[in-house]
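# I would like to see how this sequence folds:
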Amino acid sequence: MNDAATVRKTTGQLERGVVNALRALAMDAVQKANSGHPGMPMGMAEIAEVLWRRHLRHNPANPKWADRDRFVLSNGHGSMLQYALLHLTGYDLSIDELKRFRQLHSRTPGHPEYGVTPGVETTTGPLGQGIANAVGFAIAERLLAAEFNREGFAIVDHYTYVLLGDGCMMEGISHEACSLAGTLGLGKLIAFYDDNGISIDGRVEGWFTDDTPKRFEGYGWHVLPSVDGHDSEEVHRAIVAARAVADRPTLICCKTIIAKGSPGKAGTHEAHGAALGDKEVAATRAAIGWVYPPFEIPADVYQAWDARDQGTVAEAIWRRKFAEYARAYPAEAREFERRVEGELPEGFESRVRELMAKAKEKAETIATRKASQNAIEALAPGLPELIGGSADLAGSNLTLWSGSKAITRNCGGNYLYYGVREFAMAAIMNGLALHGGFIPYGGTFLTFSDYCRNALRMAALMRIGTIFVFTHDSIGLGEDGPTHQPIEHAATLRLIPNMDVWRPCDTKESVVAWAAAIERRDGPTSLLFSRQNLPFQPRLSRETANIRRGGYVLVEPDGALHAVIIATGSEVPLAVEAQRLLAIGGVSVRVVSMPSTNVFDRQEENYRERVLPPELPCVAVEAGVTDSWRKYVGRSGEVVGIDRFGESAPAAELFRHFGFTVERVVEAVKTVLARRATRVDRSRGRDAREARVEANIE
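Residues are numbered from 1 along each chain as shown. Next up is the predicted model:
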């Protein structure tokens with residue numbers, strides 16, 4: 001064999017080894033854990049290798065480099081593919097972490113998790129969420145480029161690449177998100193469809209026969225059908241063709257074999273969600289010519305994969321360009337850096353204080369959805385990172401403000417008309433937040449938070465600052481009836497860990513809720529606003545600052561306290577009027593407004609007990625399910641709420657029908673006081689009997 005032939009043979013062996021390293025690491029890690037999904041990583045190995053070694057612009061030494069390409073693994077069950085890629089290219093993810101796949105406190109959990117593994121851009125696993133997040137990434141890139149790039153200075157110029165499978169394609173959220181992506185013409189979004197025809201239950205032809213290429217063509221995507229996902233050169237040419245189309249997102253439909261290389265399980269559902277088994281792993285090693293023991297990668301393969309030098313050079317080139325940009329456009333450079341770092345602009349706090357003062361001065365009786373719009377109107381001009389939207393309800397959610405500019409395929413802006421796509425809206429907003437440079441908010445009716453549910457959970461799981469605006473927050477919605485009237489929704493949102501829920505009672509609390517949501521950096525916020533008008537509540541000056549603590553004393557009577565009424569949102573006026581009537585009868589009651597139970601529960605115990613003294617009986621009032629309020633009122637307290645679905649009628653009539661009246665709140669307070677008196681009498685009776693026993697009277 002001549003030297004040229006030897007070089008070709010050696011090069012070919014290395015290239016096969018580079019790809020098969022992905023297969024080996026995937027099957028070994030899943031086998032060691034005896035849990036996971038080896039089939040997808042083995043089937044998409046060539047696609048991933050071509051993308052990551054020839055096209056993806058990233059820097060393993062700095063996973064947060066602002067102009068890196070974004071990579072999203074929407075079919076997140078194949079997480080070992082991403083972990084292997086991160087390890088091999090030089091991210092801070094050791095081979096020992098791959099050995100700890102799916103183990104407690106490892107950096108290689110069962111599905112990719114944002115904030116756990118360096119280089120993971122978003123938490124994926126619930127199928128379809130990743131592709132929707134990727135749409136958000138691509139929108140963010142488009143908007144930042146439109147705002148900051150100048151002739152000769154493309155400081156924002158990166159792609160979003162996403163892998164997805166049949167499961168993502170079947171989930172409805174992918175239809176919602178990809179339809180919008182086509183409408184917006186997101187040319188820097190490139191998706192790879194792993195068309196292997198297999199899901200956990202078997203061959204998908206029994207339940208999934210969509211013509212996916214035609215569907216995406218109908219969305220307005222550039223589609224490359226029938227690409228051989230195991231032919232590296234064909235995959236490379238497809239990526240080049242995708243990048244050449246600037247006015248449409250691209251779907252590369254890759255025909256693959258799940259668990260490629262496994263003699264006994266390739267092409268079967270048996271490799272989808274379970275380890276191959278020791279015998280099959282050994283057979284696969286022999287079949288692909290992988291002669292190394294588990295988790296051993298030869299030095300030449302590591303060297304071929306190592307992207308650290310290339311990434312450092314790519315970032316250095318960008319930084320030199322940015323330094324030139326900063327000299328030419330210093331104000332824009334400073335603003336870009338502020339936005340990327342997630343810092344609020346100077347003067348934000350003073351704007352909030354001014355808005356609070358105006359709210360007190362005007363003392364308006366308006367719906368809190370209108371108070372929300374007023375807050376946006378006042379704060380948005382100084383927050384260019386605030387990007388709004390609504391799921392076809394802008395006129396009802398009041399998410400628009402005078403400076404709103406629609407985002408279209410031809411121009412940037414700050415407002416997205418999502419159409420009737422609540423789930424995609426929530427997940428796309430998550431992508432915008434994850435990308436950086438934006439604080440996204442989007443609105444729909446509170447009852448339709450059910451459509452958004454899994455994206456809400458992902459925002460909370462990732463602890464990102466997405467703001468969800470939910471209006472028409474109770475039976476106060478009125479005539480639309482029980483399908484549109486939220487009953488359990490506020491309570492279930494409050495149950496999501498890391499989710500802050502605010503249900504303000506007036507203009508002032510609405511300002512605080514918005515400010516808290518914008519300032520928050522460790523989780524998402526749900527803002528719940530009323531359709532109906534609510535009166536402004538005078539409050540003690542010393543208590544105004546405590547609104548931010550989630551719960552505070554709104555009304556404090558003179559003299560010794562007998563009881564406490566806790567209320568939120570539209571029910572606060574009922575509590576205040578009940579307090580006034582009870583005072584006339586000689587009963588001293590404190591009114592506590594609790595716009596955010598989540599925030600209140602995080603306060604120190606001393607503050608919570610000052611607001612809700614443990615020795616005082618409590619009544620809670622909210623037009624929603626009652627169970628969650630028991631932790632505040634206890635077994636001896638009362639909750640004025642609603643534990644059934646609503647009715648179709650005007651709001652005022654519904655509130656009377658379901659007992660949300662001043663009279664019922666007064667009655668509830670009297671009930672808890674009578675219950676307390678009975679309990680005290682019984683206690684005194686026991687004490688007297690015990691005294692007589694001790695004195696040998698009985």
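
# going forward, measure contacts between C-alpha atoms and count neighbours the same way
OK.

# nearest the middle, which residue of the protein would you pick?
Closest residue to the average C-alpha location of the chain: A459 at 1.9 Å, with Cα atoms, centre = their mean.

# per-residue pLDDT, the nearest residue to G273 once chain neighbours are set aside?
Once flanking residues are discounted, G273 sits nearest to H37: 4.4 Å by Cα to Cα, 6 or more residues apart in numbering. For H37, the pLDDT comes out at 97.

# quick one: residues contacting H37.
V30, H77, G78, S79, M80, A271, H272, G273, A274, A275 (Cα atoms under 8 Å, 6 or more residues apart in numbering).

# try S541
Not one residue lies near S541 by Cα under 8 Å, 6+ apart.

# distance of it from L554?
10 Å (Cα to Cα, to the nearest Å).

# tell me where the stretch 451-600 of the chain has helices.
For the stretch 451-600 of the chain, the helices defined by DSSP state H, counting those that start in this stretch cover 489-494, 507-519, 572-584, 597-601.

# looking at those, which is nearest to R679?
helix 572-584 (21.4 Å; Cα to Cα).

# list the buried ones in the closest one?
For helix 572-584, burial by neighbour count (16 or more other Cα atoms under 10 Å) applies to V572, P573, L574, A575, V576, E577, A578, Q579, R580, L581, L582.

# make JSON lines from these and add distance to F336 and pLDDT to it.
As requested, the buried residues of helix 572-584 are exported to JSON lines (distance: Cα to Cα, whole Å; pLDDT from 0 to 100):
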{"residue": "V572", "distance to F336": "42", "pLDDT": "98"}
{"residue": "P573", "distance to F336": "44", "pLDDT": "98"}
{"residue": "L574", "distance to F336": "47", "pLDDT": "98"}
{"residue": "A575", "distance to F336": "47", "pLDDT": "98"}
{"residue": "V576", "distance to F336": "47", "pLDDT": "98"}
{"residue": "E577", "distance to F336": "50", "pLDDT": "98"}
{"residue": "A578", "distance to F336": "52", "pLDDT": "98"}
{"residue": "Q579", "distance to F336": "51", "pLDDT": "98"}
{"residue": "R580", "distance to F336": "53", "pLDDT": "97"}
{"residue": "L581", "distance to F336": "56", "pLDDT": "97"}
{"residue": "L582", "distance to F336": "56", "pLDDT": "97"}
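
# which of these lies closest to F348?
The closest of the buried residues of helix 572-584 to F348 turns out to be V572 (Cα to Cα; 28.7 Å).

# who's in contact with the closest residue to that closest one other than its chain neighbours?
The shortest distance from V572 to any non-neighbouring residue, by Cα to Cα, 6+ apart, is to C505 (6.3 Å). For C505, the contact set (Cα under 8 Å, 6+ apart) comprises T368, L534, F536, Q537, T568, G569, S570, E571, V572, S593, P595.

# correct me if wrong: the first one contacts S530.
Yes. Counting by Cα atoms under 8 Å, T368 sits close enough to S530 to count as a contact (5.2 Å).

# from V669, how far out is the spatially closest residue to R285 that is not a sequence neighbour?
Closest residue to R285 apart from its sequence neighbours, by Cα to Cα, 6+ apart: V291 at 6.6 Å. Applying Cα to Cα, the value for V291 to V669 is 77 Å.

# same check, this time on I464
To V669, I464 is 40 Å away according to Cα to Cα.

# of these two, who's got more company?
Shown here are I464 and V669; by other Cα atoms under 10 Å, V669 has more neighbours (27 against 23).

# doesn't that one lie inside a helix?
Yes. Inclusion of V669 in a helix is indicated when DSSP: H, G, I helix; E, B strand; the rest coil is applied.

# pull the contacting residues for it.
Residues in contact with V669 (Cα under 8 Å, 6+ apart) are A563, I565, C618, V619, E638.

# relative to S396, which of those residues is nearest.
I565 (31.1 Å).

# what's near enough to touch that closest one?
Applying Cα under 8 Å, 6+ apart, we find I565 in contact with A575, V589, R590, V591, V592, C618, V619, A620, V621, V669.
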